[in-house]
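Undergrad: Just a sequence and a predicted model for now, questions to come.
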Number of protein chains: 2
Amino acid sequence: MRLSTKGRYAVTAMLDLALNGAKGPVTLAEISENQGISLSYLEQLFAALRSKELVRGVRGPGGGYYLGKSADDISIANIICAVDEWVEFTRCGGRQNCSRGARCLTHSLWDDLSAEIFDFLANISLEDLIKRGSIEAEKKTPELNVVPNGDSQAA
Amino acid sequence: MRLSTKGRYAVTAMLDLALNGAKGPVTLAEISENQGISLSYLEQLFAALRSKELVRGVRGPGGGYYLGKSADDISIANIICAVDEWVEFTRCGGRQNCSRGARCLTHSLWDDLSAEIFDFLANISLEDLIKRGSIEAEKKTPELNVVPNGDSQAA
DNA sequence: TTAATACCAAGTAAATAGGTAGGAAATTAG
DNA sequence: CTAATTTCCTACCTATTTACTTGGTATTAA
């Protein structure tokens, strides 16, 4: 999994689309103004989003973008993967010389964690985010068998 | 939250340290060889980790690095934040002109999600990762009130 | 036909990732 | 004490990625 500002731009743009798309297509110019992202950078992001059918473009005057499917069927992971490529598995499957095993083990652990994060984001849809409006408060421990470590804040 | 290869390097290096640190300090040279990361890049990463007291260095022959505290007290979020700085909140608190409210709303949604991801990683310690060895299987839905959307895999 | 819009391609400046080089300081083995 | 080992420190460097710019073409509503 990879989480960059590029992914954030894509998610916020998609949120904008989901929030304002009810009354007709939303132009990139609007999103650009609303979100403070340059028009042609948005074009690049939306080219990627369109190729994954997460958005649908309508040309001509009065055109713009719709969501490609229901906000309920678009996960955050979908969006981030669309713009970030994300084929960067570290599986040392054969070609990497995992000399001492240590590399394979840590890579395997990382891969598992990475999959876990992906799963987490794959289970949050645009609709979820919007419905909730604000999440915060009332956090429970995540699903995996963790030991709350009491030291979870940033330094 | 920010999740890059830099953070991955840091996490795998810390895992290496946790796995091999029982029988004395681990040198960066060893980690470099095990994980395939250049020595001086590791030095940069460990300078950041050291400043957050996540590792403790021992100089001289036979020296190396120990974990700065128990593997149970070091969360994945701790590690990633140490090397990634991560002060990039998009809070448009005052200075940003949130012209139409759309920006503030989407930013707020993103911030909430970002905090959620952080919390997720803050509740996974090095010890958790190692103990489990392999996570996979038996995933339950994350804690927040999500609607499993049945479309959670990458495109 | 004109204007608005998506779409497309090439290039660019800035930031970041990741690595090199060359040390100084501490500490241990001899 | 000396030499080797290792952390620690600074500066620089290259490749990639971000984010943006420019200059278009295609489509379509009015």
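TA: Noted; the coordinates are in hand. Residues are numbered from 1 along each chain as shown, chains lettered A, B, ... in the order given.
Undergrad: elements contacting the lowest-mean-pLDDT helix or strand in chain A?
TA: When each helix and strand of chain A is scored by mean pLDDT, DSSP states H and E, helix A:102-122 comes last, with a mean of 82. In terms of contacts (3 or more C-beta pairs under 8 Å, 6 or more residues apart in numbering or on different chains; DSSP states H and E), helix A:102-122 is packed against helix A:76-84, helix B:5-20, helix B:28-35, helix B:102-122, helix B:126-132. C-beta coordinates here come from the backbone N, C-alpha and C atoms, glycine included.
Undergrad: Need the CA coordinates for it. CSV is fine.
TA: Only the C-alpha atoms of helix A:102-122 are listed here, as CSV (Å, rounded to 0.1, in the frame of the first residue of the first chain):
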residue,chain,number,x,y,z
ALA,A,102,16.0,-12.4,7.6
ARG,A,103,15.1,-10.5,4.5
CYS,A,104,12.4,-12.9,3.5
LEU,A,105,11.0,-12.9,7.0
THR,A,106,10.8,-9.2,7.4
HIS,A,107,9.6,-8.7,3.9
SER,A,108,6.9,-11.3,4.5
LEU,A,109,5.9,-9.5,7.7
TRP,A,110,5.7,-6.2,5.9
ASP,A,111,3.7,-7.7,3.1
ASP,A,112,1.2,-9.0,5.6
LEU,A,113,0.9,-5.7,7.2
SER,A,114,0.6,-4.0,3.9
ALA,A,115,-2.2,-6.3,2.9
GLU,A,116,-3.8,-5.5,6.2
ILE,A,117,-3.7,-1.8,5.5
PHE,A,118,-5.1,-2.4,2.1
ASP,A,119,-7.9,-4.4,3.5
PHE,A,120,-8.6,-1.7,5.9
LEU,A,121,-9.0,0.9,3.2
ALA,A,122,-10.8,-1.4,0.9
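Undergrad: follow-up on the earlier one: let me know which of the helices and strands packed on helix A:102-122 is the nearest to DNA strand D.
TA: helix B:28-35 (3.9 Å; C-beta to the nearest atom of the strand).
Undergrad: Report all helices and strands that the closest one contacts.
TA: With contacts taken as 3+ C-beta pairs under 8 Å, 6+ apart, helix B:28-35 sits against helix A:102-122, helix B:5-20, helix B:39-51, strand B:64-67.
Undergrad: how about the first one: buried residues?
TA: If I follow you right, that is helix A:102-122. A:102-122 (16 or more other C-beta atoms under 10 Å in any protein chain shown).
Undergrad: With the third one instead?
TA: Residues B:Leu42, B:Leu45, B:Phe46, B:Ala48, B:Leu49 are the ones in helix B:39-51 that count as buried (16+ other C-beta under 10 Å).
Undergrad: nearest to A:Leu54, of those?
TA: Checking the buried residues of helix B:39-51 against A:Leu54 by C-beta to C-beta gives B:Leu45 as the nearest, at 34.7 Å.
Undergrad: residues contacting that closest one?
TA: B:Leu45 makes contact with B:Lys6, B:Tyr9, B:Ala10, B:Ala13, B:Val83, according to C-beta atoms under 8 Å, 6 or more residues apart in numbering or on different chains.
Undergrad: now, the most widely separated pair of these?
TA: The most widely separated members of the contacts of B:Leu45, counting by C-beta to C-beta, are B:Lys6 and B:Ala13 (10.8 Å).
Undergrad: neighbour count winner among these two?
TA: It is B:Ala13, of B:Lys6 and B:Ala13, that has more neighbours when counted by other C-beta atoms under 10 Å in any protein chain shown, with 27 against 16.
Undergrad: if we can go back for a sec, would you turn the contacts of B:Leu45 into JSON lines with distance to B:Gly21 and pLDDT?
TA: Below are these laid out as JSON lines (distance: C-beta to C-beta, whole Å; pLDDT from 0 to 100):
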{"residue": "B:Lys6", "distance to B:Gly21": "22", "pLDDT": "91"}
{"residue": "B:Tyr9", "distance to B:Gly21": "17", "pLDDT": "91"}
{"residue": "B:Ala10", "distance to B:Gly21": "15", "pLDDT": "94"}
{"residue": "B:Ala13", "distance to B:Gly21": "11", "pLDDT": "94"}
{"residue": "B:Val83", "distance to B:Gly21": "19", "pLDDT": "92"}
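Undergrad: Tell me the pLDDT of the nearest residue to A:Leu113 once chain neighbours are set aside.
TA: Excluding the flanking residues, the one nearest A:Leu113 by C-beta to C-beta, 6 or more residues apart in numbering or on different chains is B:Leu129, at 6.3 Å. Per-residue confidence (pLDDT) for B:Leu129: 90.
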